[in-house]
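Undergrad: build me a structure from this.
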Amino acid sequence: MPAIVSPLTTFEKTIIRSSALLDLQEAGTELEEENDLTRSAVVLAVAAFDRYFTAKYCDVLIPHLKDDKKISDEVLKRLEDAGLDARFSLELLASDRPFRKIRTIVQNSLSKYTTQRFEVIDDLFLAFGLKDLCECSQKKAKRKNLLTRINRLVELRNDIAHDGHTNVRGDPKAISSVDIRARVNDLKLFVESCDHIVNKRFGLIKPVSA
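TA: Sure thing, here's the model as predicted:
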């Protein structure tokens with residue numbers, strides 16, 4: 001069975017794909033709308049950002065469950081919402097690798113859970129006793145405007161995904177690949193800071209990539 005790749009590794013691989021789109025954009029394109037590669041890079045980068053936090057939550061979940069002295073009510077509620085009821089719990093007793101199955105069911109449950117807002121991210125990890133993760137990560141990165149810049153990238157992603165990034169006349173709004181590259185780098189810095197804080201708090205060892 002292949003080794004489980006860490007959430008940070010998956011995030012970084014996806015950010016590389018986003019950066020490659022920006023490289024193509026800056027090299028010149030023959031698209032109908034010349035900046036659509038930049039818009040695609042925004043969508044891909046924010047998708048990586050969103051996925052990272054739900055995957056990291058599942059990384060923290062299993063060590064949390066194994067230490068039954070500190071299981072929080074919030075985590076128990078999320079397990080119930082994921083379908084981990086009494087029947088499923090009894091089935092786990094007779095199964096192989098019960099914690100892997102718990103991780104899978106929770107990860108599937110979180111697949112439609114959006115973690116693009118900082119308050120949602122903070123709430124997710126507060127269940128493990130980790131307070132103000134986003135603010136702490138900004139401080140660790142030593143960038144006072146980091147959250148503001150990332151939030152703008154998320155808003156831009158939503159405009160692209162829902163409205164095609166067009167103005168009232170239906171024409172594409174202005175967008176800069178140079179600006180987006182800087183914001184994608186900000187996103188990477190933020191996630192790496194979060195990963196360091198979570199790993200330090202919970203004593204996680206980064207898995208070896210497959």
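
Undergrad: for the longest helix along the chain, what is the average pLDDT?
TA: Determined from DSSP state H, the single longest helix within the chain is helix 36-66. The average pLDDT within helix 36-66 is 91.

Undergrad: got it, and stretch 113-124?
TA: Mean predicted lDDT for stretch 113-124 stands at 89.

Undergrad: and for stretch 152-167?
TA: Stretch 152-167 carries an average pLDDT of 96.

Undergrad: can you give me the pLDDT of Arg183?
TA: pLDDT, Arg183: 97.

Undergrad: give the contact list for it.
TA: The contact partners of Arg183, taken as C-beta atoms under 8 Å, 6 or more residues apart in numbering, are Arg149, Ile150, Arg152, Leu153. In short, each C-beta sits where N, CA and C put it, glycine included.

Undergrad: so how many other residues sit close to Asp191?
TA: Wrong residue type there; residue 191 is Val, not Asp. 22 (other C-beta atoms under 10 Å).

Undergrad: so it: helix, strand or coil?
TA: For Val191, the secondary structure call by DSSP: H, G, I helix; E, B strand; the rest coil comes out as helix.

Undergrad: hang on, isn't it packed against Tyr52?
TA: Yes. In this structure, Val191 is within contact of Tyr52 by C-beta atoms under 8 Å, at 5.5 Å.

Undergrad: find the residues that touch each one of these two.
TA: Joint contacts of Val191 and Tyr52 (C-beta under 8 Å, 6+ apart) are Leu8, Phe11.

Undergrad: now do the helices in the protein.
TA: Under DSSP H, the chain gives helices at 7-27, 36-66, 73-81, 86-93, 98-110, 118-126, 133-141, 146-163, 177-202.

Undergrad: and the first one, what does it pack onto?
TA: In terms of contacts (3 or more C-beta pairs under 8 Å, 6 or more residues apart in numbering; DSSP states H and E), helix 7-27 is packed against helix 36-66, helix 177-202.

Undergrad: quick check: which of these is buried the most?
TA: Scoring these by mean neighbour count under mean count of other C-beta atoms under 10 Å gives helix 36-66 as the most buried, with a mean of 21.

Undergrad: tell me the angle it makes with helix 133-141.
TA: 110 degrees (axes from the mean of the first three to the mean of the last three C-alpha atoms, to 10 degrees).

Undergrad: show me what helix 36-66 is packed against.
TA: Counting by 3+ C-beta pairs under 8 Å, 6+ apart, helix 36-66 packs on helix 7-27, helix 73-81, helix 98-110, helix 118-126, helix 146-163, helix 177-202.
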